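Trainee: My questions concern the predicted model and sequence given below.
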Amino acid sequence: MRPIIEFCSSNISTEAVMPRLEQNPDYDIVEYGCLNNCGQCYAEPFAMVDGEIVAADSPEALYDAIIAKIKEAEAWETLDLD
């Protein structure tokens, strides 16, 4: 399954992280005006990966956390197929 990564256009991580992820054609990247997490949006870098919030202390750490979340989901998919 292709991961869906959603960003809020107001979050500080969007400009730093989204372009890096868009380089991978296997990811679906969506940017919304708002993800209805306003308190979190202004407090820390975050995104939603397949409907789950992924947050970090910096945009660089968020990128790493998103990649880790995707790999974790892929591992679970592999286990489900066996």
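Mentor: Thanks, I have the structure now.

Trainee: what residues are up against residue 52?
Mentor: residue 69 (CB atoms under 8 Å, 6 or more residues apart in numbering). For glycine as for every other residue, the C-beta is placed from the backbone atoms N, C-alpha and C.

Trainee: quick one, helices of this structure?
Mentor: Secondary structure of the chain (DSSP state H): helices at 14-22, 38-43, 59-81.

Trainee: Could you identify which of the ones you listed is most buried?
Mentor: helix 14-22 (a mean of 16; mean count of other CB atoms under 10 Å).

Trainee: how much distance is there from that helix to the middle of the chain?
Mentor: Taking CA atoms, centre = their mean, to the nearest Å, one finds helix 14-22 lying 9 Å from the centre of the chain it belongs to.

Trainee: ok, and what's touching it?
Mentor: Residues contacting helix 14-22 (CB under 8 Å, 6+ apart): 5, 7-8, 27, 29, 31, 45, 47, 59-60, 62-63, 66.
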